[in-house]
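S.K.: quick one, fold the following:
(chains A and B)
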Amino acid sequence: MSIWEYANPVKFMRTSGAILPWVVAGAAVCTVTGLIWGFLTPEDFRQGSTVKIVFLHVPAAMMAINIWVMMLVASLIWLIRRHHVSALAAKASAPIGAVMTLIGLITGAVWGQPMWGTWWEWDPRLTSFLILLLFYIGYIALWSAIDDPDSAADLTAVLCLVGSVFALLSRYAVFFWNQGLHQGASLSVQPGERMSAVYRYPLYLTMLGFGLLFLSLLLIRTRTEIRKRRLAALQAREMRA
Amino acid sequence: MIALLRRDLSLAVRAGGGFGLGVAFFLILCTLVPFGVGPDTSALQPIAPGILWLGALLACLLSLDRVFALDYEDGSLDLLATSPLPLEGAVAVKALAHWVTTGLPLILAAPLFGILLHLPPAAILPLLASLALGTPALSMLGAFGAAVTVGLRRGGLLLSLLVLPLYIPTLIFGTEMIRRGQEGGDMGPPLLFLAGITAGVLAVIPFAAAAALRVNLR
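M.R.: Numbers count the residues shown, from 1 in each chain, chains lettered A, B, ... in the order given. Just a heads-up that it's a prediction; the model follows:
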């Protein structure tokens, strides 16, 4: 029994089909209770009710970065061991990551307007998120531009590797270019700096919920990709017959 | 490798305007900017470093689709891939030829364009140094983008979509260096970052570009 067995699409379909309802249910429960709990938290003494957008903003932003990392790992697995499910998972997760980045940017703009008095600021964190969105768009565009699925997987994997290095580089280059007004880490381990427990626990719950949400979307989309691939293979066989 | 370089260079010269085109584009851009933002020194001077670097970047981008596309169409790229020269070396030579035909003329012409945009004399040397350090990275990253998109119909637009985000760090450090030169600040850190990016790109990207080419030639 090893994890590589799941590279077999049949096995992947069976296992993912079995756990999918549980993941979806977990995502729904965590996200909904987390968001409602977050909505019912008391108003912050400085930020008022706008603080509640944190329960959407932070999990989405966290997932936006994590999904890119996951795509990087999946691309590496594809390049090294050529597991098709891995390439398809990377393909399936890119649009989800792009949407998460967009949610992060939009909720950030909605939050920034009352707090900083501006919708957009060329601040390092905001700018690097915008750059991340550009990388997602380029990645998705490359996938859709190439017809042959194996070549597409190879080229996007290489692009993902190079893009990761430059996304990271841009992130620190941007610090050099402009110091902004975004706050530091919200969940520091230092007790004095972190948010109070009232906000922290619902935030943990929504983060877990967003993670599960991503997992369920990823499984659904990967299953769709596998079925599409199977359909194409069947059609090709039909044509030859 | 030297034969390949000479072939590429003579092709660029004979195909008409390979050398001049980037510089002409740069000149037109620098002429258009004052119409857009107004001819005042106070308006032009602060944005001159950015305009000069953006011009270099766009001029580089315009000529990128020629790096591999012609050789791909007439089949000489397949010959290159099967020749004893490693494909990584061929990519490096191609990028070098691209740099000689677009980057080098830009560097030589840049002081003139700096004067057009009212760049103070103190910033001319940083301008030259930043372009000399940064444009090889632009050519090499562009060669990677060209290698990824070589087999595609209408790859040009996709090429810019893929390559421009990769140019961001180079652009930031390049303009930062000129700006600091203009204001008399410490130019060391951006210079080192720029040199580091270029060295890293030159070391690593040929392998990525060659991998992409192998996929496209399959």
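
S.K.: CA only for contacts and neighbour counts going forward, please
M.R.: Will do.

S.K.: residues in contact with residue B:155?
M.R.: Shown in contact with residue B:155 (CA atoms under 8 Å, 6 or more residues apart in numbering or on different chains): residue B:149.

S.K.: flag every residue of chain A that's near chain B.
M.R.: Within reach of chain B by CA under 8 Å from any CA of the partner chain, chain A has these residues: A:131, A:134-135, A:138-139, A:141-142, A:145-146, A:151, A:154-155, A:158, A:162-163, A:166-167, A:169-170, A:173-174, A:177.

S.K.: which of those residues are buried?
M.R.: Among the residues of chain A next to chain B, those classed as buried by 16 or more other CA atoms under 10 Å in any protein chain shown are A:131, A:134-135, A:138-139, A:142, A:146, A:151, A:154-155, A:158, A:162-163, A:166-167, A:169-170, A:173-174, A:177.

S.K.: counting only helices, which of these make the cut?
M.R.: Here DSSP state H is the test, and those give A:131, A:134-135, A:138-139, A:142, A:151, A:154-155, A:158, A:162-163, A:166-167, A:169-170, A:173-174, A:177 as lying in helices.

S.K.: which SS state does residue A:120 fall under?
M.R.: Of the three states, residue A:120 takes coil under DSSP: H, G, I helix; E, B strand; the rest coil.

S.K.: how about it, nearest residue that isn't a chain neighbour?
M.R.: The shortest distance from residue A:120 to any non-neighbouring residue, by CA to CA, 6 or more residues apart in numbering or on different chains, is to residue A:109 (6.1 Å).

S.K.: looking at this, the one you found is in a strand?
M.R.: No. Under three-state DSSP, residue A:109 sits outside any strand and is assigned helix.

S.K.: contact partners for it?
M.R.: The contact partners of residue A:109, taken as CA under 8 Å, 6+ apart, are A:118-120.

S.K.: just the element for residue 95, please.
M.R.: You didn't say which chain, so I picked chain A. Using DSSP states H and E, residue A:95 sits in helix A:84-116.

S.K.: my question was about chain B
M.R.: Counting by DSSP H and E, residue B:95 is found in helix B:87-98.

S.K.: what lies in contact with that helix?
M.R.: When contacts are defined by CA under 8 Å, 6+ apart, helix B:87-98 is touched by residues B:1, B:4-5, B:8-9, B:64, B:67, B:80-81, B:136, B:139-140, B:142-143, B:206-207, B:209-210.

S.K.: could you pick out the buried ones from these?
M.R.: B:5, B:8-9, B:64, B:67, B:80-81, B:136, B:139-140, B:142-143, B:206-207, B:209-210.

S.K.: re the thing from before, report the buried residues of the helix holding residue A:95.
M.R.: A:84-98, A:100-105, A:107-112.

S.K.: what's the average pLDDT for it?
M.R.: The average pLDDT for helix A:84-116 rounds to 85.

S.K.: quick revisit: nearest to chain B among the contacts of residue A:109?
M.R.: residue A:120 (19.2 Å; CA to the nearest CA).

S.K.: quick one, what contacts that closest one?
M.R.: A:109, A:112-113.

S.K.: what does it show for phi and psi?
M.R.: phi -140, psi 140 (degrees, to the nearest 10).

S.K.: how about the one 5 residues further on?
M.R.: Main-chain torsions, residue A:125, degrees, to the nearest 10: phi -70, psi -40.

S.K.: doesn't residue B:105 lie inside a helix?
M.R.: Yes. Per three-state DSSP, residue B:105 lies within a helix segment.

S.K.: and it, how far from chain A?
M.R.: Here residue B:105 is placed at a distance of 27 Å from chain A (CA to the nearest CA, to the nearest Å).

S.K.: pLDDT score for the residue nearest to that residue when sequence neighbours are not counted?
M.R.: Among residues not flanking residue B:105 along the chain, residue B:23 sits closest, at 6.6 Å (CA to CA, 6+ apart). Here, the pLDDT recorded for residue B:23 equals 81.

S.K.: can you check the one 10 residues further on too?
M.R.: According to the prediction, residue B:33 has pLDDT 82.

S.K.: ok, the residue nearest to residue B:150 when sequence neighbours are not counted - contacts?
M.R.: Leaving out its chain neighbours, the residue that sits closest to residue B:150 by CA to CA, 6+ apart is residue B:69, at 5.8 Å. Contacts for residue B:69 (CA under 8 Å, 6+ apart) come out as B:146, B:150-151.

S.K.: correct me if wrong: residue B:50 contacts residue B:175.
M.R.: Yes. Shown here, residue B:50 and residue B:175 form a contact pair, counting by CA atoms under 8 Å, at 5.6 Å.

S.K.: which of the contacts of helix B:87-98 fall within helices?
M.R.: Cross-referencing those against helices under DSSP H gives B:4-5, B:8-9, B:80-81, B:136, B:139-140, B:142-143, B:206-207, B:209-210.

S.K.: what is the nearest of the residues you listed to residue A:52?
M.R.: For those, the minimum distance to residue A:52 (CA to CA) is 43.8 Å, reached by residue B:142.
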